[in-house]
Structure formats: C-alpha cells, structure tokens
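[1] fold the following and give me the result.
(chains A, B, C, D, E and F)
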Protein chains: 6
Amino acid sequence: MADYSYKYYNITFPQQYVAHVEINRADKMNAFFEAMWVELSQVFNHLSQDPSVRAIVLSGAGDKAFTAGLDVKAASEGFLMDKETDNDPARKAAHLRRHITPFQDCISAVERCEKPVIVVMHGFSLGLAIDLSTAADVRVCARDARFAVKEVDIGIAADIGTLSRLPKVVGNFGWVKEVALSARIFGADEALRVGFVNSVYDSKQDAVRGAVEVATLMASKSPVAVQGTKEILNWSRDHSVQDGLRYTSVWNSAALQTKDVSSALLSGIQKRTPTFEKL
Amino acid sequence: MADYSYKYYNITFPQQYVAHVEINRADKMNAFFEAMWVELSQVFNHLSQDPSVRAIVLSGAGDKAFTAGLDVKAASEGFLMDKETDNDPARKAAHLRRHITPFQDCISAVERCEKPVIVVMHGFSLGLAIDLSTAADVRVCARDARFAVKEVDIGIAADIGTLSRLPKVVGNFGWVKEVALSARIFGADEALRVGFVNSVYDSKQDAVRGAVEVATLMASKSPVAVQGTKEILNWSRDHSVQDGLRYTSVWNSAALQTKDVSSALLSGIQKRTPTFEKL
Amino acid sequence: MADYSYKYYNITFPQQYVAHVEINRADKMNAFFEAMWVELSQVFNHLSQDPSVRAIVLSGAGDKAFTAGLDVKAASEGFLMDKETDNDPARKAAHLRRHITPFQDCISAVERCEKPVIVVMHGFSLGLAIDLSTAADVRVCARDARFAVKEVDIGIAADIGTLSRLPKVVGNFGWVKEVALSARIFGADEALRVGFVNSVYDSKQDAVRGAVEVATLMASKSPVAVQGTKEILNWSRDHSVQDGLRYTSVWNSAALQTKDVSSALLSGIQKRTPTFEKL
Amino acid sequence: MADYSYKYYNITFPQQYVAHVEINRADKMNAFFEAMWVELSQVFNHLSQDPSVRAIVLSGAGDKAFTAGLDVKAASEGFLMDKETDNDPARKAAHLRRHITPFQDCISAVERCEKPVIVVMHGFSLGLAIDLSTAADVRVCARDARFAVKEVDIGIAADIGTLSRLPKVVGNFGWVKEVALSARIFGADEALRVGFVNSVYDSKQDAVRGAVEVATLMASKSPVAVQGTKEILNWSRDHSVQDGLRYTSVWNSAALQTKDVSSALLSGIQKRTPTFEKL
Amino acid sequence: MADYSYKYYNITFPQQYVAHVEINRADKMNAFFEAMWVELSQVFNHLSQDPSVRAIVLSGAGDKAFTAGLDVKAASEGFLMDKETDNDPARKAAHLRRHITPFQDCISAVERCEKPVIVVMHGFSLGLAIDLSTAADVRVCARDARFAVKEVDIGIAADIGTLSRLPKVVGNFGWVKEVALSARIFGADEALRVGFVNSVYDSKQDAVRGAVEVATLMASKSPVAVQGTKEILNWSRDHSVQDGLRYTSVWNSAALQTKDVSSALLSGIQKRTPTFEKL
Amino acid sequence: MADYSYKYYNITFPQQYVAHVEINRADKMNAFFEAMWVELSQVFNHLSQDPSVRAIVLSGAGDKAFTAGLDVKAASEGFLMDKETDNDPARKAAHLRRHITPFQDCISAVERCEKPVIVVMHGFSLGLAIDLSTAADVRVCARDARFAVKEVDIGIAADIGTLSRLPKVVGNFGWVKEVALSARIFGADEALRVGFVNSVYDSKQDAVRGAVEVATLMASKSPVAVQGTKEILNWSRDHSVQDGLRYTSVWNSAALQTKDVSSALLSGIQKRTPTFEKL
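    Alright, predicted model coming up:
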C-alpha cells in the first residue's frame, strides 16, 4: 500500500478498495487555509491513480463541523491581502486571479478524481463546505448539519465552485438563488428535499457508516464501468446530448474491450461475486 | 391509415390522433437485440411524419417487464464480440464505434420524433429501459416498476443515452450519480420523488390508460403549437437561454402564421372545441 | 430618490433598499400589451442602475391575477397581425421576428437587472406570467395561484422565454414537458413540490410580505457580493463548470477589492450590522 | 423616405436601396465620443428596419481618417473617469461595466443590422476603427489607409469588439496576436494579404465608389435571400456546423415561402432583371 | 471487392485503397435532384465502412461542370413546391424542414465518411457544388473552374451547408460574406489565393490525377492514424481547444494500441514501406 | 532576478523584460522525452508569474532542428509501452489517458503563460514542434525550416494539440487537413503563405534577433494591456462573439483601473517613453 501520510488529512481504508479521507483540523472546525487545499488536491490526485482504491468517502474530524469554510483570519492575512500595497487595482486583480485559479483547481481535484467520491457533512458545513461538496459525486449528511452558502455574509460572491456547480447539482434554480443571495442557514431536511443531499443519517457516525456502505457497493463493481460512468456523467453535464452521446461512444470503444464484461456476465450466470483487476 | 405492421411492435390507435406502440417480445421480457432497435427507429420515424398522429404512448407487452434491457446473450454473440479476432484494439474500437453510433441513433429516434412521446414503464425496467425512457418526453409508471441503471453490473458504462440524458431529465445530480454508479434498484415512489416519472399508477393497465389520457389531451391541441413546443424545449436544454430565445423567435416566425391561432381563439370565444388541420 | 412614476406599474419602497413593482392593470387581470412590456423593461433598467435599490419584489395588482398573460385581443390586433396583407410568408416571418425579439428583450430586462428579483404570483398566473416569472430569481406564490403554460391553447409555442428558461429553473424535464405540451392548470402545491416556487403563502398579502422579507434580507448584505452572485449564477447556468469557474475568478478579481469585505468581517467581530456603500 | 437627419452622420442614398452612412466629424479625424456611438446604433437600427434599404456603405468624412478611434480626451473626462472618487475598486468596476456594455452594444448594432454593411477605410483607421470595421460584413480600403489595433498603446486591451471579432474575421491567429499585442501600424497591402480587407482602391473616392458598386449588386438580389444569408453566416460563426445546419433549416422553412424564388427563377428564364418586394 | 454499381455515380479504384467517385450526369451538367443526393449518401456510407478503401476522390463527369448545382427545374416541381396547396405557412414550413434536414444529412455523409475525401472541381461549380465541396476534406480544381455561391440569385439563402461550413474552411470572413451575399462568380486563382482550394491544375484530367496522387499518399499511411486525424480535426473545429484536447486523449487511448505504431516505427528503421491491416 | 537554471532549457534575458528560452538538447535535435516537457511547463509557469518578464522568445539550440519532435525511442520504451502487459485494452486505455492528459497540459503551459510567447523555428520542426508552436502566440521561422505534422507517419493522430489548435491558427482548413493527413514536409515560404508563420528570416540567428525585437516591442507596452489582450484573444477563440464581449467587459472592469492608462496618455502628450510598473 502506498504511503498515505498527510498533514491535514487522515486517510484510512475501512473496506477493500474504499478510502476514507478525513479533514483533520477539528480544533479549528476544519477551517481551510492555503496549505490545506493544496494538500487536498495532492490527496485526491494520489487516490485517483491508485489502483487499489475504487471509491472514496470524505468527511471532517470532530463533532462540530464538516468544515466551517475558509479560515477567514488566515485568508485576510493571506491571499485576500495584497502586500504590495501600492499596486493599482488592475495589478491587484492580476494577483487575485493568480490565487483564485489554483485554489479552484485544488477543489476541482475532487471532481477530476477518477473514482467516485461520497462526501459526509455534519455540524457546521458553511461556505467552502458547499464548494467542496458540489465537486463530489454524492452528498450525504448527519441530521445536525447546518448548511449555508455563506460567502455573501463576508462580502464576496462564492468563487471556488458553488456558484458554477450548485445549479447543476440541485435542479431548483430558485432555491439555489435564494440560499446563495441570502446566505441563510438550512438544515438536513431541506437539503434532502431539494436534492442537495441523497440521504440524512441520525448522526455523523451513522452517516460515515452509510457512506462507506455506498462506497463499498460502488467499489464492488467493475472499475472500468464505474470510472467511465463518472467521467461521462461529468462530461455530459457540460455538453449537449449529442456531444455527450459521441463522447460516450468514443470512450466506450476502448472500455468495452475490458475483460470485466465477460467476468461480470460469467459471474452472473454462476451466481457468484465477480472479481475485477485493478485500475 | 398507413400500414403499421411491424415485427417487434404492436401499433394501435386508442384515440383519434393517438398512437400506442407496444414492445412485443413479452416472452423474453421485451429484451432488445439489434433488429428491434433498428425497427424501433423505423416506427418512430414513421409516426413522426404521419399527419394523423399527434401524440404517442410507448409501453411493453406482458406483465413482467417494460423491458429487461439489452438481450445480453444476443449482444455478447453480436456487436460486443468482434469476430475478426486478430484485430488490434484500435481496430476493435473502430468496429465498436460503428455499432454504438447507429444504436444510439435508433434510440434517439424517439427524441427526434416530432410528436410527444409518453412512456409507460412497469415491472422490470432495467438498463436500456432507462436509456429509452429518457429519450421520451414524459415518463409514467406502474407501482410495480423496478428500475435500475443496470449497466455497471455487466461491466460497462451505459452508452445508449442514459448518462447523457438522465442528468438533464432529473435535476438531482447526486441521485443520478448514486444510481448510475451503484446499479441499485429503485422503485416507483423514489422515481416519483426525484422526478424521474411524472405519475405512478396502481397497475400497468391504469398507467397505460393514464398515459393515453395525457396523450389525448396533447393531441387535442394545435399540432403546430405542440410540435414547436417539443422542439424548442429540446433545443433549449442543449443551449444557452440567449440561444434558446433566438431559436424560438426564428421557429415561431413561421409557426405563428398558422391558421391554428385564429381557430383556437375563435373556438375559445365560441366555447367549442377547436379543430386543427393535419401536420 | 429618483422619479418612479410609471403608467402601468406602481413602484414603492417598503423597506430601505427594497423596491416593490406592482403591475397595475387589475381591471384587465394585468394582461399585457406592447406598451406594458416596453415600460417593464424601462422600470427594470432603471432599478438595475439605481444605487438606492438592492432587491426588488414584483407582483400584480388586484385580487384575481398576477397576470392572465398576453392581452390576446390586443395582440391579435397588433403584432400577431401583419397589416401588409399581401406580404408573402417570408416577409411576414421577418416582421414577426422584428416583434418577437424586442418583446423577449423586454422580459429579459428582469433577468439582466443587476439586483435580485423576487416575484409573487397569485390567482391567474398564465402564459406570459410563466415567461416573466422564470426571468426572476426567486418565485413565491399565494395558495390561490393557478398556473398554466397556456400558449398551446392559443395555437402557439411559448416564445417569450418559458421554453428556454423553465427547464433550467425546474429540474424535472418530464414535468416541464407535460405542462408545456398540455397547457393544463397546476396549483400552488404542485408548483412547490416540483420547485417552480420557493414558498407558498396563505394569501397574496402574506406572499408579498414574505417576499419583502426575503428581499430585505438580501438587501442587508453587501451589494457587491449579492450582485456578483446573481451574475455568476446566471452565467454559470449557460456555460460549462470550467467556464463558470474562470468567469468567477475574473469577476472576483475586481469584486474582492471592495471595502465590503473588511466591513463585513469587522462587523462580524463587533457583533453589529455592517453598512455598505451604494452600488 | 424616412427622415435621416442625424447629428454626427450624413446619410445619403447613392443608388436605389443603397444607403451611404458617413461619419461626420472630419475636423477631429472622426474620433468618437459617447453621443456618437449612441447615435451610430440609432442610425443602424433605423436602416435595419427600413424596407427601402437593402445594403449600406459606411465611411468617414474628410481626407485624413476613417476614424482616429476613441476621442481619448473625451473618454478620459468621461467614462474612463469615475467621478465618485472614493468608490472602492469593486464599485468602480461595476460603473465601468455599466459603460462598456452599452458601448459594445452600440457598435454591435452594425453586426445586428439585417442588411449587409460594407465599410470603407482610409487614412488613419485606428483603435475603434478596427472594432467598428469587424462588426461590418465586408471591409475595403484606400491605399493610404493606416491601421492599428492601437489600444495597448494607451494601456488597455481593446474592449469594444476587436479582440472578439478580429480572430473570426482574419484566419491568421499569429498575425492577429502580433498586431494586437504590439499596436504596430500596418498598411493596405498587408491588410489585403491577410484578408482583413477584401479590396484596396487607389483613393478614398474610388473605394467609396467600389463599395457602392458592391452594395448595389447585393441590393439587386432578393432581400429575403440576402438578409437570411447574413444572419445565417453570423450565427454559424458562433456555433458548431451541426447547429448551423439546423438553424439554417428552421430559418429557411419560412424564407423559402417567399415569392422571390419564383420571381428570380422566372426572370432568369425571361432574361430580365427580377424585382423584389420590400423587406 | 464489394459491389459498387450505382445509378448516378461511377466508382472506380485507380490505386490500391483509393476510390474515385464520379458524379455521372454529364448531359445535365451534373445537376442534382433528390434521388442523386440520397444515393450520394449511400455511396459515402458504403465507402466509409469498406476496409479496402482508405482515401476517396470525388469529381464530376464531362467537360462542362463539376456540378451546376441544384436541378432547379426538378426542385421547383419537387420539394420547393408544397402540393398540399391549402396548407398554411406553418404547415408548409414543417414540410420544408422535413425535406431540408434529410437533404443536409445526405451531403453531410461526405463529412461523416471516416476516410479523407478530396474533391476535384472543374467548369461550372455552382451552388450545391460549394455546399458539397465544403463537406470534403481537401478541395482542388482545374484552371477553368467557375465558382459561385449562387443561391441568392434564385432567392434563397444557401441551406445545404455552405453558410455553416465555408467560414470554417476559408478564414477570410469578409471574402466569404462578399461572395455569399453577391453570388458573384470567382475563378481558380482567387479560390487558391483565399484558401478555398489547395491547388489549381491546368486541366480537369491533371486535377483528377493530382487528387489521386494526394489520395494515394494518404492511403499509404496507417488508416488508424489517418481516420483518427480526420475525426479529431472535425471535432476540434466545433469545440474549444480544451474540449478538443480531451476528445483527442480519449480517442487516442484506444487508437494508440494499434499495431500500426510498431509497424510504422519498424519500417522506418528498416527503410521499407510499412503495410497496415484493413480498417 | 529569480534563479532560472534548468536542465533542458537555457534561459537568458537579451533585453529588459524579455526572456529567451532555448531548448537545450542539440545533440539529439532537441527531441523531447517526458522529463523535458515536465520541465517546459515549470519554465513557463515560472515566467508567467515573474513580474520582471513581459515577453518570451522560444527557440531550439543547435543548427539542425528546432525540435525533431517526440524522442520516439524514449516514447516507445516509456508511455507508449504499457509495462503491465496483461492489462486488457480498457486498462491500457486508462493508462494512456493518464499519460496523455498531463503531457497535453505541459504543452498548454505555453498557452496559459500570461506573457506573449514568440516561437522561432529552424531546421527540422516536426511533430511535437507543431503542437508546441501552436500553443505560442506568434510563430516565425528561418528559411531552412522543414515542417511536418509528422504523426501519421508513426501511426498516430497527433495528440498534444496540433489537431485542436492548428485549424484555429491557420484559417485554411483544406491545407490543414492535407498536411495533417499526409504528413508531407512543407517549407518556410508555404508556411508564410498560409499564415502558419508571421515572418521568414534568412537564418536562425536573424530569426531569433527578429523575434527578440518583436518581443521587445511588446514588452515596452503596458503589461496590464498586453496580458489582457492575450487572455481575451484566447478566450474569444473558443467562445461566441457575445460571450467574448461579455468576458472582455468583466476583465476590463478591473484592468481599466490601472495607472498604466494615465501613464501612457501622459507619455504620449509629453512625447516620451512611458514606464509601467511590474506585473
């Protein structure tokens, strides 16, 4: 097994082929600063290419929060603050873009990860929590989750993905607009009703357990099929149906040559669990 | 009336202007093989241009299944199997594309059909059932329907439309991902809750009856208006709002010259049912 | 305060920074004719740039209807009727496009308005009511609301925005197709269930009051953040996630230089309500 | 004939159906300030819908310049200068967008104009001259023309269309980049060689005469056909071939019903010049 | 060898792997009517999948014309003429679309053909000649070629592909606009200068010989590489660079597994001509 | 000055603000292997953010070649060869994608670099030379340059950018197709004629000198304006004109707040060379 020692994340393997990534800054409600999102992308790039991983659960350590979002104190001392104080606004803008783009890119590593990612939210799940969760494939939560697209409360339009991804995750544009324009808190039931989360569990522990079960189920399927499905769904979201169909046929012209198809069919006939080679 | 004798489909006309297409391979749970999807496209191309048809219901014969999906046995002897066994993977890929593209195209005939299509699902509605239903305009089901995006269970990413269309049919991307990545079965209530189906009926018979009613209602409207509405909705799904508005104005610059507008208005004033010419 | 005297709209300011636009043709169920939609765009262009306005509520005067839609009588004497009667169909088409495009553009003024717009629907909310409401950001309604995508009933495909925007507002494409192809009436509960409206209130008065509350909440936030959020959400709806992220970073490279961020952060620390400069 | 008295433009009709718009500020080398581009859009909106106009020539008065571009003095006192001096950069950005967008929109009126526009450039043709000319359909010039994408020389990226349209007008992206990034002057021969202009004439007078000839030729054709051709070419530039084909078929489904087709065919047989009704 | 007997086309095989398709209606200047374009698509679909064909030359029989375009007489008796004379313009529009779309589709068969197509034009090459040639990959001509985007001369906007494809074939939008809006004739030298044709030959015979040489060269390369190159170039034309790169990587993930790579490399080392298996 | 010691590239600064990157593997005709393209992206990411660099020249060391392209020997031992020999074709495809995507991304670093890049080609400029050069902004060459889109000669479709970028760099799609489908060599004159290069110089030394001059000119302009111009041109290439205009206005809403505008204007009045702050 590869070395999965990271500074801000605990990585464990609760089931064969299933990785569990835990954000590990519970004393600060898992609030994010730059080194953390850089490491996040390293973790997911690593998992993406590790053949012994087929599905991933992402959660936050501690009882209080999945993540309280951006560590505002660190941000206001860091990238929100242009040290070259006599820069004109155009130069400040260039510096900001040079920070925002890699930040976005780090969070997009979750979406780019070839394996399905199930995110478990509990307690405070604010701001960056939403950006991050919309880059995952499936969202579940504990009953105590408190969500908010919090950014307007600190004077900014969310810039790490929420505004681009949330309307494509939740098919209720009026609701998306309302929560994004008001920053109001919403809870687990509302999240379930509008389709922001797939399931609500009684506790964080139950939610993690449930997420691991779903991940284990996905990990038991052909990795060729599962990874292709994730990729094609994400591509199709951003393209016309016709472009989606074409991309699918090109993708599958290689993928259908896998031995997994015959393994799966044979196992079906023989009423046994198929095994698939690594990918 | 044109000749509607087809080998794998029963076509009847339960109401004026309403056609009912029944997949007719009940003994094999309406599982599809190549000749069937080729004929399916012929049926829908025919109905698309038949001026005596204004709305279409599609269902499956028998009690057990709308369709169990691809006839896997036929497929594994057919297009999934490259007979030129010493072809290299690039050549096999070309052969696969040459099969997948026309297969997709046959199912897309349902979407391209100018008349609204209401699909009725019951019993097993697996794999290709989902691909096919997402190409229809409205989906309803019987309470006994058992759905699954089944493809990952046989080692493949669904390639006939589900992955491109389902996220645009159901506005809950997390749910789409979960069912597509896990192949788990879901039932009628869940299908209704997430918006995959419009209505659930107690039995297949009730569902067909309900679908015919909806079709009859649509068939009673101006065919110029109804066909334009279907076309513009499908176009708009794949384009920006601005492009959708422009396309609408160009489309309607001809369509508004129909006599149906004055017929409809006059009938409204006279409190009688309007009649519209064929299209 | 700027002069907000308009012929077909009452404009009031129920709260600081909140404008209330009331369609003022109650005796005709607020049915629209050309001068009204032209004025509508003037009203919203005006509000869009007025720094003393931060959120807008739009409703209809009278008890009976938000709006019964197009004033069909006026339309059939007006733009639906080509006076140059011996024009050939191609020339009639050109004339129709020259009318439809500016008509669409007037309604799009609601979407282009830089401030959030919350629309309150009650009673008859038919045809153009749907076009108009989908250009707003948030939709709420009174329990007595009666909705219909009514256009097929008068022989036309809705051309002022419903068919392009409704599928991006309500993520249930089957439902959108059904109501658009059948013109059937639906009520407040169904509208809430499918996500067409965010909330249902017992009466129009309650609904207006509720909308003003939501608007007041939005107006209390940084206008830089709120206006950026609206803009980026609308842009992202029409583009890929990758394009959305890039646009966000370019937008925010100027927006993050606002004093609102430090005002908001400081107010947070000091537990007091922040104040923001005009925009 | 409609009234074509404008303050900054002379409008004449050198041939039947042909309008000649002359920028009329020769003493300032036809440099543009806000009132001029607002009026420009009014002129072209007017011509666009005037049925007695079928093709348009645009040129600049005087010997020295088609236009020296933006009147920098006016601009630096006007929209480039935010009078609310204590606005923060985010608010200044909002004010700038509120100026740039309508400015772009005025120049786009030339592109949106339904009739073909042939622009004649001579002498200094700098900055805004390029923006403006790329919104026209055909560009010709006099031998003395001196072109430059001048904006980087005053510290800005061209924002009124050059950077978006020039690469779609001249299919030599390296050349476009070089002239846009260096602001270097180029002459008539180079403009012809790279395809920026269609023809070079010995003098401005010859160029105007040549442009009027081309316009007259276009104006002698069916206006239904010519206006449709302009529209479809512009649409196709911005869309895939497949989308272009579909748009064409929808457009032509009305346009082919014109009497111009039979007029043209009959005139062909009878060897006489066809006449077409107004549009 | 498969049977290549067609009614309106002579098909010969001047070199190994090279097919020559000749339009065979010289007595009518190869003017097209419906049965001809339907057969054209059959010919190219056939060649597309025939493994013994790797490159195709398309030319016209006789001395006078590649093709004079649409057989206007047949068209005006056929699809341009709606026999249901009392149809309203909306219904006529629907009938026209039902004819234009399959017509476009037939010509697009040349573009969809997986093998490169080199078209040879001589003499009159008008109207449909341009539509057809822009669907090919490479255009060459004889010195006597007379080209025109002729459609506006018969009162219509070209609807079979010229307006969508020509601006993407010739990167000089002003020239495209001028010839499309004026229908003026242009000759071989101008066609070469603007990049509409790749080469000009002294006679039709020389041009065919030259085209066969180019085709033979292409046919000598790996068919996996050549067909992939055509496909990716066409896809990239219609998508962003980023989408093009992604599509390329997915395509090549199968294509690079071909034995052709090692054959080509080995032949290079051994200084001999590689041979490639059929595709 | 930052440390610019790299293994495969010499980086010098021939003029203020101008960097010269030289590919440094002359003994192998500058052929590329994996470590080289990884380092290339590091070099350009570094230059992109270095405020003391405003324009970049890229050339190849030695007399013989800009670059002979991919080091085929290294490639066939490396990423073209899947060491896990019993992987099925689907798994091999996944491995190939995992190599192609980062390879593409390294070359795209040249395009993403915020500063203009002028590439100088001489001698053999094959395969990857074309991919690389199309990611630059301006291409120039020495008279002895020998170009080829060489990939089909080794059995592959070019996958590192040529097929996606070349058609957007050279507006002559027939020529692009011909050279890409035949792999034929072309020289400097042809490259100039079709617009692949901007200029041809007598020798490599002259070409480098010329490129440095162009770079120096660009570097003398406002970096805010130059970098904005590059960015907007690249964005516009991939979007509609309308999207390009909007992006421009958002970009410039920050960029126009630069002090460079007043510096440039003032210097113009004072007839002296402006100086601009770093970016």
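[2] how about residue A:7, secondary structure?
    coil (DSSP: H, G, I helix; E, B strand; the rest coil).
[3] the closest residue to it other than its chain neighbours: neighbouring residues, count only.
    Counting by CB to CB, 6 or more residues apart in numbering or on different chains, residue A:39 is the residue found nearest to residue A:7 once chain neighbours are left out, at 6.3 Å. The way it works is simple: take the backbone N, C-alpha and C, and place the C-beta from them, glycine included. Residue A:39 is flanked by 15 other residues according to other CB atoms under 10 Å in any protein chain shown.
[4] wait, is residue A:39 part of a helix?
    Yes - when three-state DSSP is applied, residue A:39 is found to be in a helix.
[5] how close does it get to residue A:109?
    10 Å (CB to CB, to the nearest Å).
[6] so the residue nearest to residue A:7 makes contact with residue A:4?
    No - with contact defined as CB atoms under 8 Å, residue A:39 does not reach residue A:4; the gap is 11.7 Å.
[7] quick check: the residue of chain A nearest chain E.
    Relative to chain E, the nearest point of chain A is residue A:254 (3.7 Å; CB to the nearest CB).
[8] ok, that residue - contacts?
    Contact analysis of residue A:254 by CB atoms under 8 Å, 6 or more residues apart in numbering or on different chains lists B:89, B:93, E:250, E:253-254, E:257, F:89-90, F:93.
[9] switch to 7 Å and redo it
    Residue A:254 makes contacts with B:93, E:253-254, F:89-90, F:93, as judged by CB atoms under 7 Å, 6 or more residues apart in numbering or on different chains.
[10] which regions of chain A sit below the pLDDT cut-off?
    Across chain A, the ranges flagged by pLDDT under 70 are A:1, A:79-85.
[11] distance of the residue of it found nearest chain B relative to residue B:169?
    Nearest residue of chain A to chain B (CB to the nearest CB) works out as residue A:171 at 1.3 Å. Computed with CB to CB, the distance linking residue A:171 and residue B:169 is 10 Å.
[12] ok, now residue A:161?
    For residue A:161 relative to residue B:169 (CB to CB), the value is 24 Å.
[13] what does stretch A:111-120 contact?
    A:44, A:47-48, A:53-59, A:110, A:133, A:135-141, A:207-208, A:211, A:214-215, A:218, A:226-227, A:230, A:234, B:181.
[14] okay, how far is it across that stretch, tip to tip?
    15 Å (CA to CA, to the nearest Å).
[15] and it, how far from the chain's centre?
    Distance, stretch centre to chain centre, for stretch A:111-120: 5 Å (CA atoms, centre = their mean, to the nearest Å).
[16] can you give me the buried ones in that stretch?
    A:111, A:113-120 (16 or more other CB atoms under 10 Å in any protein chain shown).
[17] which bits of chain A sit near chain C?
    A:72, A:76, A:80, A:89, A:92-93, A:96-97, A:100-101, A:104, A:151-157, A:159, A:161, A:163-165, A:167-168, A:171-178, A:180-183, A:238 (CB under 7 Å from any CB of the partner chain).
[18] just the strands in the stretch 51-200 of chain A please.
    Assigned by DSSP state E, counting those that start in this stretch, the strands in the stretch 51-200 of chain A fall at A:55-60, A:65-67, A:117-121, A:124-126, A:138-142, A:146-148, A:186-187, A:199-201.
[19] off-centre distance for the last one?
    It stands for strand A:199-201. With CA atoms, centre = their mean, you get 17 Å for strand A:199-201.
[20] C-terminal to that strand, which secondary structure element comes first?
    helix A:204-219 (DSSP states H and E).
[21] give me the distance between the most centrally placed residue in chain A and residue F:153.
    Centroid check for chain A by CA atoms, centre = their mean gives residue A:136 as the closest residue, at 2.7 Å. Remark: distance between residue A:136 and residue F:153 (CB to CB) = 44 Å.
[22] then residue A:169?
    For residue A:169, the distance to residue F:153 - CB to CB - is 46 Å.
[23] quick one, which of those two is more surrounded?
    Neighbour count, other CB under 10 Å: between residue A:169 and residue F:153, residue A:169 has more, with 27 against 22.
[24] spell out which parts of the stretch 51-200 of chain A neighbour chain F.
    Taking CB under 7 Å from any CB as the contact definition, the stretch 51-200 of chain A meets chain F at A:88-91, A:93-94, A:98.
[25] try it again at 10 Å.
    Residues of the stretch 51-200 of chain A lying close to chain F by CB under 10 Å from any CB of the partner chain are A:51, A:84, A:86-98, A:101, A:112, A:114.
[26] what about the residues you listed, which are in helices?
    Among those, the members falling in helices (DSSP state H) are A:89-98, A:101, A:112.
[27] now check stretch A:89-106, is it near chain E?
    No - legend: contact between stretch A:89-106 and chain E by CB under 10 Å from any CB is lacking; minimum distance shown is 13.5 Å.
[28] show me which positions of that stretch end up buried.
    So stretch A:89-106, judged by 16+ other CB under 10 Å, has buried residues A:89-101, A:103-104, A:106.
[29] can you tell me which of those residues is nearest residue A:19?
    The nearest member of these to residue A:19, counting by CB to CB, is residue A:106 at 18.1 Å.
[30] state the distance from that closest one to residue D:25.
    From residue A:106 to residue D:25 the distance is 53 Å (CB to CB).
[31] what does residue A:241 give?
    52 Å.
[32] thinking again about what came up before, from the buried residues of stretch A:111-120, pick the one nearest residue C:191.
    residue A:119 (30.6 Å).
[33] give me every residue that touches the closest residue to that closest one other than its chain neighbours.
    Spatially, and ignoring its direct neighbours in sequence, residue A:119 is nearest to residue A:136 (4.0 Å; CB to CB, 6+ apart). By CB atoms under 10 Å, 6 or more residues apart in numbering or on different chains, residue A:136 lies in contact with A:56-58, A:110-111, A:113, A:116-121, A:165, A:169, B:174, B:177.
[34] one more time with 7 Å, if that's ok
    Residues in contact with residue A:136, defined by CB under 7 Å, 6+ apart, are A:58, A:110, A:117-119.
[35] could you check which residue of chain A lies nearest chain C?
    Residue of chain A nearest chain C, by CB to the nearest CB: residue A:171 (1.4 Å).
[36] that residue contacts residue B:174, correct?
    No - with contacts defined as CB atoms under 7 Å, residue A:171 does not count as touching residue B:174, sitting 10.7 Å away.
[37] where do the contact lists of the two overlap?
    Residues touching both residue A:171 and residue B:174 by CB under 7 Å, 6+ apart: residue A:195.
[38] so the two - more neighbours on which side?
    residue A:171 (29 against 24).
[39] only the buried subset of the residues of chain A next to chain C, as a ChimeraX command please.
    This is how ChimeraX selects the buried members of the residues of chain A next to chain C, with burial counted by 16+ other CB under 10 Å:
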select /A:72,80,89,92,93,96,97,100,101,104,151,152,153,154,155,156,157,159,161,163,164,165,167,168,171,172,173,174,175,176,177,178,180,181,182,183,238
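[40] show me the residues of chain A next to chain C that map onto helices.
    A:72, A:76, A:89, A:92-93, A:96-97, A:100-101, A:104, A:163-165, A:167-168, A:173-178, A:180-182.
[41] among those, which are in reach of chain D?
    residue A:89.
[42] returning to what we had before: of all the strands of the stretch 51-200 of chain A, which lies closest to residue B:200?
    With CB to CB as the measure, strand A:199-201 is the member of the strands of the stretch 51-200 of chain A nearest residue B:200 (21.3 Å).
[43] what strands line up against the closest one, and which way round?
    strand A:138-142 (parallel) (DSSP bridges).
[44] show me the contact partners of the strand it pairs with.
    With contact meaning CB under 7 Å, 6+ apart, strand A:138-142 is reached by A:118-122, A:133, A:188, A:191, A:196-201, A:203-204, A:207, A:210-211, A:214, B:174, B:177-178.
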